[in-house]
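Chemist: sequence unavailable; structure follows:
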């Protein structure tokens, strides 16, 4: 009975704020009352107000901005993106040629890079890292002449274990293996639990790098329907596990790429239990997890792991030093296999870089860096969404990422992101077309945009120009009477 009263109370508070928003008293972009202020006004606890604001967040009415509070979410498209609908059968992957073509074209320094998911260089603490690296090289010259064999330097592994407490994990330095970025960690995990021809379940759309790994290992991808805010469909995944011989599941449970979705904690727990019940290892990619926009860090699915079947992977490439390529994995019961594969794949990760990252984390600089990044990326995502809704064709939809700096855009049916990519490149603008993110060439009318780049008037003009090109393409398609393909969705 007490829990029912609490539920009624926070729903009532949420209803009052919802009324203020619907009536126009609180306008899009305006700050809603602070948690403490509303607590005093309504004579309720702070936890009740937080529950009310989480409910409004889930409804898409407000959003949290790091260090700033809660704000009314700006106008979004007429309808939210639906759960994706990929094919229900596993298939070989063949995205490498398209991905290579898009990434190679973006290497031209004259190109405005709206496709590559790279954070702006001015947001990274490069100068401080450089000074640390030089000091460590003078202090420990042996770091330049030593092979850093697995599992890696204890100093770094200990700092990673401490940082993982933010995600609800409780592993030790001995549970961590240092890798060359998150991509190597994911590659090693897949090789440890699956072989060529095996089926790997994963979100759809998903990061093209994951598809490239599956393709290179000769495995098959089984795309699972995914919600743009709440992540992979557990119902669809359960059916897939019953129907197919799934050998591994690859999931970005917090701040996914490209959707920016974050699974609720209860869903993460169910995910771990579901896969453990089928004896299927979960490979969890948390590379964007530290870039969440919420007031608190999201829990990792790994935090619910009781059997050691979750392999948690991440890196510092999106938050600290992309060029360092320092990543890590906590592979649970697969520790020995992953360690052996790490040695035969690349021997180790440079000790000097490991020691530099470890010192940065130990000195408390990482928490300040993350707060700064979250604030910058939240603002840039909001500006990017505003430009999309202002300049792209009517009916365009865009995600509301839970963090990170990429935006997934869905153009009206009939749009062709590959043709749009070619037209944009002719004008020196790079985008990432939707088919890169699917093993089945889905999402032909979608694209991913990087909002984490150096934000300049030139970037804003480029984004507006992509919208104008999309309108022109759609107008041409309408004149030709082309019908939208099933792959548009």
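Modeler: Thanks, I have it. Keep in mind the model is a prediction, meaning the values are calculated, not measured.
Chemist: C-alpha only now, for contacts and for neighbours.
Modeler: Noted.
Chemist: buried set for stretch 252-264?
Modeler: When burial is assessed from 16 or more other C-alpha atoms under 10 Å, stretch 252-264 yields the following buried residues: 252-264.
Chemist: can you tell me which two in the residues you listed are farthest apart?
Modeler: Within the buried residues of stretch 252-264, 258 and 264 form the most distant pair, 17.6 Å apart (C-alpha to C-alpha).
Chemist: average pLDDT across the lengthiest helix in the chain?
Modeler: Counting residues, the longest helix in the chain under DSSP state H turns out to be helix 365-391. Averaging the model's pLDDT scores along helix 365-391 yields 91.
Chemist: tell me the secondary structure at residue 41.
Modeler: For residue 41, the assignment made with DSSP: H, G, I helix; E, B strand; the rest coil gives helix.
Chemist: if we can go back for a sec, and the buried residues of stretch 252-264 as TSV, adding pLDDT, distance to residue 46 and secondary structure?
Modeler: Formatted as TSV, the buried residues of stretch 252-264 follow (pLDDT from 0 to 100; distance: C-alpha to C-alpha, whole Å; DSSP: H, G, I helix; E, B strand; the rest coil):
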residue	pLDDT	distance to residue 46	secondary structure
252	98	31	coil
253	97	28	coil
254	97	25	coil
255	97	26	coil
256	97	30	coil
257	97	33	coil
258	97	34	coil
259	97	31	coil
260	96	28	coil
261	96	26	coil
262	96	24	coil
263	96	24	coil
264	95	21	coil
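Chemist: hang on, the earlier thing: so for the longest helix of the chain, what gets flagged as buried?
Modeler: 366, 370-382, 384-385, 387-389, 391.
Chemist: next one: stretch 232-250
Modeler: Of all the residues in stretch 232-250, those buried under the rule 16+ other C-alpha under 10 Å are 232-234, 237, 240-241, 246-250.
Chemist: okay, now the unreliable bits of this protein?
Modeler: Counting by pLDDT under 70, the ranges of the chain that qualify are 1-8, 22-24, 58-60, 74-80, 478-489.
Chemist: from residue 70, how far out is residue 57?
Modeler: When distances are taken as C-alpha to C-alpha, to the nearest Å, residue 57 and residue 70 turn out to be 9 Å apart.
Chemist: so the residue lying closest to residue 315 once chain neighbours are set aside is in which element?
Modeler: Spatial nearest neighbour of residue 315, chain neighbours left out: residue 327 (3.7 Å); criterion: C-alpha to C-alpha, 6 or more residues apart in numbering. Using DSSP states H and E, the secondary-structure element containing residue 327 is strand 326-330.
Chemist: could you dump the buried residues of stretch 232-250 to CSV with secondary structure and distance to residue 207?
Modeler: Rendered in CSV, the data for the buried residues of stretch 232-250 read as follows (DSSP: H, G, I helix; E, B strand; the rest coil; distance: C-alpha to C-alpha, whole Å):
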residue, secondary structure, distance to residue 207
232, strand, 14
233, coil, 17
234, helix, 19
237, helix, 18
240, helix, 20
241, helix, 21
246, strand, 19
247, strand, 19
248, strand, 16
249, strand, 14
250, strand, 11
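Chemist: can I get those in TSV with distance to residue 269?
Modeler: Formatted as TSV, the buried residues of stretch 232-250 follow (distance: C-alpha to C-alpha, whole Å):
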residue	distance to residue 269
232	13
233	13
234	11
237	14
240	18
241	17
246	19
247	20
248	17
249	15
250	15
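Chemist: which among the residues you listed gets closest to residue 100?
Modeler: Compare each of the buried residues of stretch 232-250 with residue 100 using C-alpha to C-alpha and the shortest gap goes to residue 250, at 22.1 Å.
Chemist: noted, bye for now.
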